[in-house]
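Chemist: after the sequence you'll find the predicted model.
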Amino acid sequence: EHYQLLPQTHFGGRPSCSTMDSLHLLKVTIKNMWRTHKVASVLFLNIDSAFPNMVTKQLIHNMHMWHIPGELINF
């Protein structure tokens with residue numbers, strides 16, 4: 001953080017950056033692409049390995065609150 005070596009979009013292992021921050025950025029990026037009539041492609045990896053301290057129930061609740069379609073949430 002002191003030397004600003006990581007891009008602002010890098011969330012892993014950074015203080016004050018959570019799973020919710022990365023999901024919010026993903027949502028905003030996709031919606032901005034759709035607004036400009038572009039296609040958004042995403043590659044998802046194993047969430048359990050990427051975010052071992054995540055509270056799954058809270059993540060799923062927040063995704064519902066963001067109106068993410070159920071077929072994308074129920075993994």
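Modeler: Nice, thanks for sending it over. Residues are numbered from 1 along each chain as shown.
Chemist: do you know how far L25 is from F11?
Modeler: L25 sits 8 Å away from F11, going by C-beta to C-beta, to the nearest Å. Yep, even glycine has a C-beta here, placed from its N, CA and C like the rest.
Chemist: hmm, I typed the wrong one, I wanted S49.
Modeler: According to C-beta to C-beta, S49 stands 15 Å off from F11.
Chemist: which one's more surrounded, the two?
Modeler: F11 (18 against 7; other C-beta atoms under 10 Å).
Chemist: wait, that one sits on C17?
Modeler: Yes: judged on C-beta atoms under 8 Å, F11 makes contact with C17 at a distance of 4.3 Å.
Chemist: tell me, what residue is most central in the protein?
Modeler: L23 (1.9 Å; C-alpha atoms, centre = their mean).
Chemist: ok, now which ones touch that residue?
Modeler: L59, N62, M63, W66 (C-beta atoms under 8 Å, 6 or more residues apart in numbering).
Chemist: want to try a markdown table for the residues you listed, with neighbour count and secondary structure as columns?
Modeler: Compiled in a markdown table, the contacts of L23 are given as follows (neighbours: other C-beta atoms under 10 Å; DSSP: H, G, I helix; E, B strand; the rest coil):
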| residue | neighbour count | secondary structure |
| --- | --- | --- |
| L59 | 17 | helix |
| N62 | 16 | helix |
| M63 | 18 | helix |
| W66 | 12 | coil |
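Chemist: export the residues you listed as TSV, with columns for pLDDT and distance to P7.
Modeler: Listed next are the contacts of L23 as TSV, based on pLDDT from 0 to 100; distance: C-beta to C-beta, whole Å:
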residue	pLDDT	distance to P7
L59	82	23
N62	87	24
M63	85	24
W66	87	23
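Chemist: now, which of the residues you listed sits nearest N74?
Modeler: For those, the closest approach to N74 (C-beta to C-beta) belongs to M63, at 9.9 Å.
Chemist: would you mind measuring from the nearest residue to that closest one once chain neighbours are set aside to F44?
Modeler: With sequence-adjacent residues excluded and distances taken as C-beta to C-beta, 6 or more residues apart in numbering, M63 is closest to I73, at 4.9 Å. I73 sits at a distance of 12 Å from F44 (criterion: C-beta to C-beta).
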